[in-house]
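> Would you be able to build a 3D model of this:
(chains A and B)
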Amino acid sequence: MNRLDALRGTTPPKPHDARAIAALAANPGCTRRALMDGAGIDKDAVARHLGFPAPFGQSPFAITRGNAFEALVKADGCAELIRMLRELLGLPIDEVAYHDVENVGAHLRHTHTRALIDRAARGEGVGTVYDHPLFTLGIAGHTAYLEPDVVAFQLGGRFHIVEIKSFAVVDGQADPAAVAAAARQAAVYVLALRTLLEELGHDPLRVADDVVLVCPENFANRPVATLVDVRRQLAVLRRQLSRMTSLDRLLDALPEDVTFDLAPDADGRPARPVAELADAVRRAEARYAPDCLSTCDLCFFCRDEARQEGASDLLGRAVRDELGGVASVREALALADGSRAPAQGQEEIARLLRGAERLRRECLA
Amino acid sequence: MSLLTSLARLRAIDEGVAQPIATVRHCHLSARPMVFIPLKLSGEAAAPLAAMLGTDPAEPRLLAVAQPRNRDLRFAWTADLAGVLLPYVAGFTAETETVERRGADPYERALDAPQLIVPNRAGVAFTRLLGRSTRFRRTDGPFPVPEGVPLLGRWLTYFAERAAYPGSSLMLAATDELARHWASGQSALEDANLAALLAWITDGPDDAAEDPLIWPPAGPATDPGFDAEVLAPAMESGSAERIAEALRTQLEPTWRLVWRAVELLRGLEPGASVAQRWEHDRGSFSGMTAQLAEGAPPQARRDGAVAAAARLSRMERAQAAYEVQRAYDDPLVMAEYRLTGEAFAGEVVDTVPGNTEGEGRSRKLRPLVTVKTDDPVRIPPGTSLGTPERRGQGAELVSAGDGLVTLKITKGMGRGKTPAPGAVPEIGERVCYSSLTDEFQGAAALPEPEATPWTHGGPPRPYEPADEDAREEWS
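Here you go, the predicted structure:
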């Protein structure tokens, strides 16, 4: 059995989405996450079983609203979307074919996507909108399937990724965090589509690096399309993916017998002893940062671990950078009150910490 | 974040309780603040769900939208909100003082001003959006809204704008103010959770703060679990009372937390410059009142080029002044500058009070002071210095080295031949000097809006209320 499959054990695999890949690129140094994602492990289920359920959840109202908005944009063969694309891209879009790739069976979707994209890249057929395509992307030597809830638009052999989001654009401005997240995700799709074109022997640069972001305008449901340049996100993603330590090396460092199997019983409920699972998870090193709290299902488990270790990671990267890489809370405090002599290379940070300690004492006396 | 604050955070982890990072309070606290806790419907930009508000901790007022899916009822809710907030705001307009100005007409300034306190920054952002979605409405015409709603929108917009203005206390986010005065042992990201931050400051960290069943989120977003299991069924039932009671359970804990935060902040002595900044706030409030009385149009959707540049320049100057004032008011804030070598404190070891420069009529008193300090001074000779102990004085660094700094007092010595008693620090006195000075910065020279150059889009079109604005769709 493949080593990654052994890590997952008898638990069914969970497909990746672009959100997970975008988050992976945000914390590429985390071995735990790389292994779990590589093996297609349902981290949410693991966290739940460990007694540290993830703090995420989506309100039914938000889901309803998101679905309603997407349906509106895609209604009547994407009529509304095509109108916006025509205005936004200034293209003479007369006639557009609509392909819902989801119409074929799940096992055929990727092949079907490939065939459709290949045909379009050869210049056969006019403008086309592809709904629910299935892309693949190599993540750390492992193929991840992406099922974007997104459309790819093609005209004259040039492709655009269209991302539909339900956060509002009010007076031309949207929540910067939401836009940044959307751009990171869209970059994953752009990269996947470019990879596909390259595999098919076409010029990957035929995929535009500005994506079309479709959001509700102001306080109504009316959609508005905006071009978002994702070149920077693409560069970051590419660099992180190539730099990501290959899973093989990470697997080699892991003892043979380690598995993250939840050992589901006949009803599909995890039956693995919790302490045993926790022990296995701790064998793969994590790199916790407070940013994980908004992106990773395992965040509460890793935060708890960081607390027990007294790691300065808990306070965030800004603090950690300021501490010049002193990783433990106790060590930093001991350097500050002088009870510990600085190791080589720590002289400067120790001097600063001692100064800070002296000033705090003086001012609070 | 500074190293001093980082150290305080480490200490907080070690001791299991938040550490002070300020010795005085840097915001004004009204005797009668309006605590305002809004909730919004998930997935919508600015669809209100409920708010708990009031000026008395014992008397929270709950306003709930009877049926959140019905937009008419949402407007009815904003009318209810106007019914509470507008009288509160208007209560501060009556009593004023006349302020004389050099080179300009005197103006009336309110003796006190309203103060809105929301739980967190997201509460400010929601207030801004609520203001945006109501200020262009009209009470007549094709899509009329209840009386008071457009005016409410303009005030909410105003408060949210002031919240972004450095040093203003007209609208405060409780988490921001607490984090300005205490360092918790968690990340800045987690400090945005009011329950968690307060737990650190009072009883020590508590995981319950992140459990939405014990401490519901402080809004405006509600807990998804609550939405699914409580609110959605209540909305299905159609019972306004059931919806209101469900929302009350989500608001009451936060209500107690915000007042607890107010109490904690009240426990700190106000810094010396707080009253001066509040005076600016009062002036700004009176300015807004006057604009409304003169019938000015609602705030623009977006600033024109000149207005945006002017606003940015004002905010930059306010930020610079706020930083200087905080350092001068609070030795613990000044310590951050001492750590980086931009300030120093120590004992006076030598003085030459009668030192003079120049001859004859241009002879000036320039007393010399030598200070012994342990601080790493990184200020070049000739740099202007200020001191919290004698704010009217200015000094200049002469030389620094080997733990001794010599400076000469260059401003505020008067015309006498000898210094006034107490004007020059005595030997043995502890003093602090900093290169950080609150020097007057002139406003940026900007053209009139009508003269906006073509590079910046040319003169902006003056705002004319359009029917389209008033009937903007509200999904």
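> drop to CA atoms for contacts and neighbour counts, all remaining ones
Fine.
> Tell me the secondary structure of the residue in the stretch 151-300 of chain A positioned nearest to chain B, please.
Using Cα to the nearest Cα, the single residue of the stretch 151-300 of chain A nearest to chain B is A:Ala220, 4.7 Å away. Reduced to three states with DSSP: H, G, I helix; E, B strand; the rest coil, the structure at A:Ala220 is coil.
> One more: the one 4 residues further on?
Three states are possible here, and by three-state DSSP the one that applies to A:Val224 is strand.
> Now do the same contact list for it.
Going by Cα atoms under 8 Å, 6 or more residues apart in numbering or on different chains, A:Val224 touches A:Met84, A:Val214, A:Cys215, A:Pro216, A:Glu217.
> can we see that at 10 Å?
Contacts here follow Cα atoms under 10 Å, 6 or more residues apart in numbering or on different chains; on that basis A:Val224 touches A:73, A:80-81, A:84-85, A:88, A:164, A:168-169, A:172, A:212-218.
> can you list the domain ranges for chain B.
B:3-299, B:341-434 (automatic domain parsing).
> May I see those domains arranged in JSON lines, with mean pLDDT, distance to B:His456 and mean neighbour count as well?
Formatted as JSON lines, the domains of chain B follow (pLDDT from 0 to 100; distance: least, Cα to Cα, whole Å; neighbours: other Cα atoms under 10 Å in any protein chain shown):
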{"stretch": "domain B:3-299", "mean pLDDT": "94", "distance to B:His456": "20", "mean neighbour count": "20"}
{"stretch": "domain B:341-434", "mean pLDDT": "91", "distance to B:His456": "37", "mean neighbour count": "18"}
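> Can you tell me which of the ones you listed is nearest to chain A?
Evaluated over those, closeness to chain A peaks at domain B:3-299, with 3.8 Å, by Cα to the nearest Cα.
> circling back to that earlier point, quick one: buried ones out of the contacts of A:Val224?
The neighbour count (16 or more other Cα atoms under 10 Å in any protein chain shown) marks A:73, A:80-81, A:84-85, A:164, A:168-169, A:212-218 as buried among the contacts of A:Val224.
> Which of the domains of chain B sits closest to A:Val190?
domain B:3-299 (26.4 Å; Cα to Cα).
> and the longest helix along chain A, anywhere near chain B?
Scanning chain A for the helix with the most residues, using DSSP state H, yields helix A:60-89. Yes - judged by Cα under 10 Å from any Cα of the partner chain, helix A:60-89 comes into contact with chain B through A:Pro60, A:Phe61, A:Ala62, A:Ile63, A:Thr64, A:Arg65, A:Gly66.
> what about the helices in chain B?
Under DSSP H, chain B gives helices at B:3-15, B:71-90, B:121-134, B:149-163, B:174-181, B:188-191, B:194-201, B:224-226, B:232-237, B:240-266, B:274-293, B:305-329, B:331-339, B:467-470.
> Next to chain A, which bits of the stretch 251-400 of chain B? Give me the list.
By Cα under 10 Å from any Cα, the residues of the stretch 251-400 of chain B that approach chain A are B:301-302, B:330-336, B:338-340, B:374-376.
> top of these by neighbour count?
Counting neighbours by other Cα atoms under 10 Å in any protein chain shown, B:Met334 leads these with 28 neighbours.
> in the longest helix of chain A, what counts as buried?
Neighbour counts over helix A:60-89 (16+ other Cα under 10 Å) mark A:60-62, A:65-66, A:69-70, A:72-74, A:77-78, A:80-82, A:84-85 as buried.
> Stretch A:51-59 too?
Within stretch A:51-59, the residues that count as buried by 16+ other Cα under 10 Å are A:Phe52, A:Pro53, A:Ala54, A:Pro55, A:Ser59.
> And stretch A:13-26, by the same measure?
The neighbour-count check on stretch A:13-26 (16+ other Cα under 10 Å) flags A:His16, A:Asp17, A:Ala18, A:Arg19, A:Ala20, A:Ile21, A:Ala22, A:Ala23, A:Leu24, A:Ala25, A:Ala26 as buried.
> give me the element the fourth one is part of.
It stands for A:Arg19. Using DSSP states H and E, A:Arg19 sits in helix A:18-26.
> How about residues contacting that helix?
Contact partners of helix A:18-26, identified using Cα under 10 Å, 6+ apart, comprise A:30, A:33-34, A:37, A:137, A:139, A:144-149, A:181-189, A:192, A:233, A:236-241, A:243-244, A:291-292, A:294-297.
> Turn the buried ones among those residues into a named PyMOL selection, would you?
The buried residues among the contacts of helix A:18-26 can be selected in PyMOL (16+ other Cα under 10 Å) with this line:
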select buried, chain A and resi 30+33+34+37+137+139+144+145+146+147+148+149+182+183+184+185+186+187+188+189+192+233+236+237+238+240+241+244+291+292+295+296+297
